[in-house]
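[1] sequence unknown, structure follows:
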């Protein structure tokens with residue numbers, strides 16, 4: 001049995017490794033050794049998370065997926081959460097979350113079949129509940145944000161997201177040097193839509 005730690009942050013500006021110390025502490029306290037860390041900066045509301053699926057593809061049956069909180073694993077809608085659960089079940093991966101104490105027993109293999117099935121059922125139910133709460137929190141925050149923007153627009157106060165002029169100037173120079181889009185995205189962390197806007201701006205000069 002291997003323990004694989006999953007570290008996620010929603011944006012490239014956030015530190016995906018923030019919770020690493022807490023995961024390390026948990027592993028040490030429970031006599032576990034983390035075999036690998038998987039880090040990514042992607043929204044928990046999307047299934048398009050390459051490092052999460054790299055983790056799953058590396059897993060063997062009974063391996064542990066260790067996360068700080070259930071919302072690091074999922075802010076998915078119900079349909080996508082069902083898809084992720086099916087993948088976890090098919091690979092026989094045990095999810096252990098620091099904010100879900102009932103899952104901690106899943107980090108050991110020293111219990112009989114009846115106890116294992118009982119805790120698996122309880123843990124699955126609570127995982128579903130926390131995943132639903134995480135999704136509701138995501139939807140609520142998005143709704144409040146949209147309401148705030150609408151109110152600011154109505155008052156003539158909304159100006160949109162401030163442009164990162166220093167980064168865009170660097171992107172422009174890299175484009176002028178003929179560097180590939182993939183290299184520019186990797187170097188600056190910008191989105192391809194931002195890169196497209198800067199490229200169009202350059203073409204109009």
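    Here it is on my side, so go on. Keep in mind the model is a prediction, meaning the values are calculated, not measured.
[2] Residue 174 versus the nearest residue to residue 36 once chain neighbours are set aside, what's the distance?
    Spatial nearest neighbour of residue 36, excluding adjacent residues (CB to CB, 6 or more residues apart in numbering): residue 4 at 5.2 Å. C-betas here are computed from N, CA, C, even on glycine. Residue 4 is 35 Å from residue 174, where distance means CB to CB, to the nearest Å.
[3] How about residue 55?
    32 Å.
[4] Could you check which of the two has the larger neighbour count?
    residue 55 (21 against 18; other CB atoms under 10 Å).
[5] Next up, the contacts around that one.
    4, 6, 36, 38, 65 (CB atoms under 8 Å, 6 or more residues apart in numbering).
[6] Tell me which helix or strand the first one sits in.
    This points to residue 4. Taking DSSP states H and E as the criterion, the element that holds residue 4 is strand 3-9.
[7] just checking, what packs against the helix or strand following that strand?
    Downstream of strand 3-9, the first helix or strand assigned by DSSP H and E is helix 20-29. With contacts defined as 3 or more CB pairs under 8 Å, 6 or more residues apart in numbering; DSSP states H and E, helix 20-29 has these neighbours: strand 3-9, strand 34-41, strand 64-67.
[8] and the contacts of residue 55, which are buried?
    Among the contacts of residue 55, those classed as buried by 16 or more other CB atoms under 10 Å are 4, 6, 38, 65.
[9] Give me the pLDDT for the closest residue to residue 68 other than its chain neighbours.
    Spatial nearest neighbour of residue 68, excluding adjacent residues (CB to CB, 6+ apart): residue 19 at 3.8 Å. Residue 19 carries a pLDDT score of 93 in this model.
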